[in-house]
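In: Next input, structure requested:
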Amino acid sequence: MKSDISIVILAAGKGSRMKSPKAKVLHTISGKEMLYHIIKESKKISDDISVVVAHQKEAVVAKMQSYFDDIHFVTQDAENFPGTGGAMKNVAPKNDKVLVLNGDMPLITAESLGGFFTLESDIIMSIFDLENPDGYGRVILDENRVIKIVEQKDATPSELKTTTVNAGIYAFKKSVLEKYIPLLSNANAQNEYYLTDVISMAREDGLKVSALLVDEEHFKGINSKLDLARAEEIMQERIKSAWMNAGVIMQLPQTIYIEEGVTFEGESIVENGCRITGNTLIASSHIKAHSVIEDSIVKDSDVGPLAHLRPASHIEGTHIGNFVEVKKSSLKGVKAGHLSYLGDAIIDEGTNIGAGTITCNYDGVKKYQTIIGKNVFVGSDTQLVAPVTIEDDVMIAAGTTVTSGKVEKGSLAISRTKLKTITDYYYRFFGKK
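Out: Modelled structure (predicted):
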């Protein structure tokens, strides 16, 4: 961590091009908000991080505080001082070097920001060259020195032909910000206070302004749902590549979706078409094709194909087969081969869950728990009406509905009507023989 660097993240904008009621920085990539990804990487660099908020600031602050407890939030007076320059008016960084990031660049990494710490300059600004620079501010250079920056809406036709663009991230000496932020004017097409005008004024006063060439992938801004989708592809490639390099086997990884909070331990296999989300842990397990796992723990088990583990499921030493849904349940040493729903249940080792078994955990008002002991054999098409406890060494006959509060150890539970057959009924019904 570089304790001599302060970071300011500009997260006050509305993001109207996203065409959404949600604040721009709260749109998610791989399960976490854009702003979360930026703060996470910033914390690898600095212990003095300020986030400037305005639009939906209560929602933005509340969400980020659920992840981080040591971030400063600064409210921009967006009505009187709009724009990136206005956003910096109330920021008070501790350190002499200030890195200014944008809240809509979720693909930055601590490593990709390293160049800002190797150059010595009064101001360092990021640039890249684009074949189609539409939407970006243009940067006029003299070798590596910045001569002028112009926003697209204020650019002349000749300036619009420039393909070198402002990537939107800067490093300032704190003294530069303290001198020039109070001098900013909003005399431009947008009537906004531009942070880039600090660079223009500093150049006029002979300060050194250096350009840092960066790659577009890491410094890509998100301005639309299309940008969001493309950033998701990049983030997914990073997440899956990191886990495969750590020893996870993925079959057709381009078809797999894994969120940022997911972790793996040991050698696990994830087959094609799987979706693994939330703070899931997969340890030494095999997740078969087209299974969905949400906020769950899976250890020494196989799941799927086409299984669904909903949040708060804990699966250990267990076989979960196709079309089995588990919700908020703990299964240890269990076999549940197919076509079952197990919700709000605790099931112990040696137990077999037959096809079509359902824990009836909801009465329309409350949810109730089903407890199944060791070495229980649950026959097919069984309904367990919670709250209910099945003790060890019990057999539940196929087609049984268990409604009593407890089935005692060693018992057989069976509820069936006696089979009745009527000779030649088929022929009488259809009038033929």
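In: CA atoms for contacts and neighbours, from now on please.
Out: OK.
In: so residue 301 touches residue 331, yeah?
Out: No. Look at residue 301 against residue 331 with CA atoms under 8 Å: they stay out of range, at 10.2 Å.
In: Settle it for me: which of the two has more neighbours?
Out: residue 331 (25 against 21; other CA atoms under 10 Å).
In: Show me what the helix or strand encompassing that one is packed up against.
Out: Using DSSP states H and E, residue 331 sits within strand 330-332. In this structure, strand 330-332 packs against strand 314-316, strand 345-347, with contacts taken as 3 or more CA pairs under 8 Å, 6 or more residues apart in numbering; DSSP states H and E.
In: could I get those strands as JSON lines with mean neighbour count and distance to residue 242?
Out: Below are the helices and strands packed on strand 330-332 laid out as JSON lines (neighbours: other CA atoms under 10 Å; distance: least, CA to CA, whole Å):
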{"stretch": "strand 314-316", "mean neighbour count": "23", "distance to residue 242": "25"}
{"stretch": "strand 345-347", "mean neighbour count": "23", "distance to residue 242": "34"}
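In: Out of those, the one nearest residue 371 is which?
Out: Nearest to residue 371 among the helices and strands packed on strand 330-332 is strand 345-347 (4.9 Å), distances taken as CA to CA.
In: What lies in contact with the closest one?
Out: Contacts with strand 345-347, where a contact means CA atoms under 8 Å, 6 or more residues apart in numbering, come from 328-332, 334, 359, 369-374.
In: how about the helices in this protein?
Out: Counting by DSSP state H, the chain has helices at residues 34-42, 57-65, 83-87, 157-160, 174-180, 196-204, 225-245, 425-430.
In: Highest mean neighbour count out of those?
Out: Of all the helices of the chain, helix 83-87 has the most neighbours on average by mean count of other CA atoms under 10 Å, namely a mean of 24.
In: pretty sure residue 56 contacts residue 23?
Out: Yes. Look at residue 56 against residue 23 with CA under 8 Å: they come within range, at 6.2 Å.
In: More neighbours: which of those two?
Out: Higher neighbour count among residue 56 and residue 23: residue 23, with 20 against 16, using other CA under 10 Å.
In: Now do the contacts for that one.
Out: Per CA under 8 Å, 6+ apart, neighbours of residue 23: 13, 14, 15, 55, 56, 60.
In: Tell me who's in contact with the first one.
Out: Right, residue 13. Residue 13 touches 23, 24, 53, 54, 55, counting by CA under 8 Å, 6+ apart.
In: if I look at it, how far off is residue 292?
Out: As judged by CA to CA, to the nearest Å, residue 13 and residue 292 stand 35 Å apart.
In: residue ranges with poor pLDDT in this structure?
Out: Residues of the chain meeting the criterion pLDDT under 70: 1-3.
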